[in-house]
Each structure stands twice: as structure tokens, then as C-alpha cells.
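[1] here are the coordinates; sequence isn't available:
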């Protein structure tokens, strides 16, 4: 049984105060901008609205206390005053050393309402905003908030929101990685939570609104790295092995029916493994195109520290797509002597994947053709200030927008700021 605790968190968040971000650079003219919220800042979620405006979700930390942040920018990088106070909605401060207090996932509904998922201290919180940033009183307990306390009858231990999609009927699907793993022996698994349009558990989804499972058919730790919703209502979950000191291989993928059951028509027990030649491989993100094909993006290499960007495409039937790369698999970028992996993927209008992440400690973006060959490859200059990339999006004009944070250097500053870079690829 999934239990939710409903508290007036978001109502307080909307009235909790304001921030005045400092935006440096010019996203429209120079293709770069940084956002300083006045402390150590992070941004984990990015969505491009139908009108071209950018929604960013993240957090800011002052004296070891965090507060979550939603911002909306015009396509040229200026704050949109139509959201919250001056383009920003901020939450109250969390407890000092009280865990994360930030938004990790964000989605936009067809009517423009904004749904976010994140952590507030030790709680997983899902919130829904009106288009102006005010709490949506039709969601949760009338305050716009649902707090997830239990999944499948068990208390949440270590957890991390790693995916969020909203269905056309207003149902909210949240993907969590749960379990502490490590020496404690607790399995790290995937948990899917479905809330109905009112923000309460959807009892039609595995009887209690949640489903917990491993991406592997055998009993082992698997972490999750991406969620997508197909047009027929089925959910896709990607990831890999890890969390309990296992070797990370291969890419893993599961498909879940609308009733919460693993889809046995997709693969045995609803799970599929995509293996690469490298000893280590794992998927960090996935996307599904208009034809129902599934693209996974991540890493492949001879060790966790030596590898390159990797992508795989799977047909709607669950088999590797022979028309993509080599037998459904593609690698791109230099074989870096340092940690290198794609962290996010987005698809162009023609289904061409764009992979974003890090290569040799430098931010990198690779654009493939729809058939899986390399089209463009970009790395941040050594003296550039873009550090870790968290998200990537393809804009209406087929440009590429990446979201991350700045490096800690003398030239770039000694504090984390949010970074946006627009690329013509």
C-alpha cells in the first residue's frame, strides 16, 4: 500500500520569499549564460515549452540549508516575469544538514501546468503549479503537494527521483531509485509511483499505485536512469547494474503495462538487456521517438574510468534495431583516459539522438544521425566554464540546449552557478 502524507509545503513555498538571480552572458547572442542565485546552486531538470520558453528546476544552498527553485526563462535567456516573483518560485529553507532540498525532475502538462518531483529533506515530494507558479489546489491535499512516504508497504530508505512523465489524462508517473545497497546488503531497485490527476495514488496501477522491481531478471542491484511514456500508455525504464559493487554491464530496459505489470510481450519478464563489447556499460537516460523506437544513452568501456559515449536503439518489439549503428549500438567520442559518459539524451525531429555528458573531465555533446553514425561532436574548451551537464533538449529550430553547472576555477568562480549553453548542431 502506498501511503502519502499531504502537507501545506507548497503553499508555504510560494510565500516563502524571493530570489533575485543574476544572469551573466547572453544566451541569444553568445549562446551562453550563467545564473547565480546567490549561493551554491544546482539545476537538474530542463523542459522547453511549446512557446519556446525554458523551465528549469533545481536548488540553492545557503549555510548548508537548501531550498528548491523553479525558474522560467524566455527563449533568449531573460527571466519570465509571468512565473512566481520575477520568473522564480522558491521554497522554504530545509533543515541544516537535513538532506537534499531540490527539484530533480520536471514536466509540463499539455495545458502548461508544471509538475515537479524532488527531495525535501528525507521526503520525496511531487508538486504541481499553475502556469503562473501558484500552487495547483486541485492536486494533493488542496495545497498542490503529495509527499511519498511508503512504497509497496515499506518505508523509503535511500531514494532518488530519476524520472517524471505526465500522461494525457493528467496522471503523474514518478520513477525512483530506492534502497541503500553497499555493504548493508539492501538491494537497489526501481520503483514506479503513479498518482492520479488529483495527486493521490492510482489504485489501478499494481493495486496500490506503486510497483517496485529489479531491471535484471535475477536478484541483484540495478539502478535506474530514465523514464519515458509511450503513446499507448506503457512506461519505459532504463538503467544498468550497480549500487552493490557489481560490475556495471549491460544496458538494461524494462517496459511496464498501464496496469503496472511488467510487459511480457516486450521481453521475457518484461526486461531486456543490451550488451556491448566493453566490459563495463550502463545507461543513464532514455527517450522514445514517434515510431516507438527506444534510445538509451550512457557509457561503455574497459573499466569505469576508461570509456566513451554509448547509445543503443531498440525496436518497439524489444529487439536491437539493426538500422541503427552496428547491430543497434553506437559509440562516439574519444576513448578517454578519464571518466567519460553520456548523462542525458534528447531526440531531434527526425529521431536523431543528441547525447550530452562529460568526456575527459570536459563537458561534451555528440549528435548522431538517425541511423546512428556520428554527425557532430563538441567539447567545452579547456578554459571554458561549463562543468557537469545534467540535461539536454532539442529546440524547435533543432538547436541543442544543455543545462549544467559551472566549474570551480579562478576564472569561473569558486561557487556553483547554473550554466546554459546553446549549440547549433
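    Happy to help now that I have it. Computed from a predicted structure; not experimentally measured.

[2] helix, strand or coil for residue 24?
    When classified by DSSP: H, G, I helix; E, B strand; the rest coil, residue 24 comes out as strand.

[3] just say helix, strand or coil for the closest residue to it other than its chain neighbours.
    What sits nearest to residue 24 in space, not counting adjacent residues and going by C-beta to C-beta, 6 or more residues apart in numbering, is residue 34, at 4.9 Å. Backbone N, C-alpha and C define where each C-beta goes, glycine included. Look at residue 34: counting by three-state DSSP, its state is strand.

[4] look at residue 34 and say how many residues are nearby.
    Around residue 34 sit 22 other residues, with neighbours defined as other C-beta atoms under 10 Å.

[5] how close does it get to residue 319?
    44 Å (C-beta to C-beta, to the nearest Å).

[6] what of residue 302?
    If you go by C-beta to C-beta, the gap between residue 302 and residue 319 works out to 27 Å.

[7] what of residue 291?
    14 Å.

[8] what does residue 143 give?
    Here the criterion is C-beta to C-beta. By it, residue 143 lies 46 Å from residue 319.

[9] comparing residue 291 and residue 319, which residue is more hemmed in?
    residue 319 (13 against 9).

[10] give the contact list for the more buried one.
    Residues touching residue 319, when contacts are defined by C-beta atoms under 8 Å, 6 or more residues apart in numbering, comprise residue 328.

[11] equivalent analysis for residue 108, please.
    So, once contact is read as C-beta under 8 Å, 6+ apart, residue 108 ends up touching 47, 49, 55, 114-115, 166.

[12] show me which of those are buried.
    Restricting these to buried positions leaves 47, 55, 114-115, 166, with burial counted as 16 or more other C-beta atoms under 10 Å.

[13] next step: those restricted to strands.
    Within the buried ones among the contacts of residue 108, residues falling in strands by DSSP state E are 47, 55, 114-115, 166.

[14] I figured residue 296 hits residue 285, correct?
    Yes. Using C-beta atoms under 8 Å, residue 296 is in contact with residue 285, at 7.5 Å.

[15] got any residues that touch both of these two?
    Listed contacts common to residue 296 and residue 285 are 226, 238, 345; contacts here mean C-beta under 8 Å, 6+ apart.

[16] any regions of the stretch 1-150 of the chain where pLDDT drops low?
    Counting by pLDDT under 70, the stretch 1-150 of the chain has low-confidence residues at 1-18, 64, 92-99, 150.

[17] ranges for the strands of it?
    Chain-ordered strands for the stretch 1-150 of the chain, with DSSP state E, counting those that start in this stretch as the definition, fall at 4-5, 22-26, 32-36, 40-48, 54-62, 65-73, 88-90, 101-108, 114-120, 123-129, 145-148, 150-151.

[18] of all those, which one is nearest residue 176?
    Taking C-beta to C-beta, strand 123-129 is the member of the strands of the stretch 1-150 of the chain nearest to residue 176, at 6.5 Å.

[19] hmm, back to that, residue 296 and residue 285: who's more crowded?
    Summary of the neighbour comparison: residue 296 and residue 285, criterion other C-beta under 10 Å, with residue 296 having more neighbours (31 against 26).

[20] isn't there a helix covering that one?
    No. Counting by three-state DSSP, residue 296 falls outside a helix, being strand.

[21] how far away is it from residue 414?
    Distance of residue 296 to residue 414, computed by C-beta to C-beta: 36 Å.
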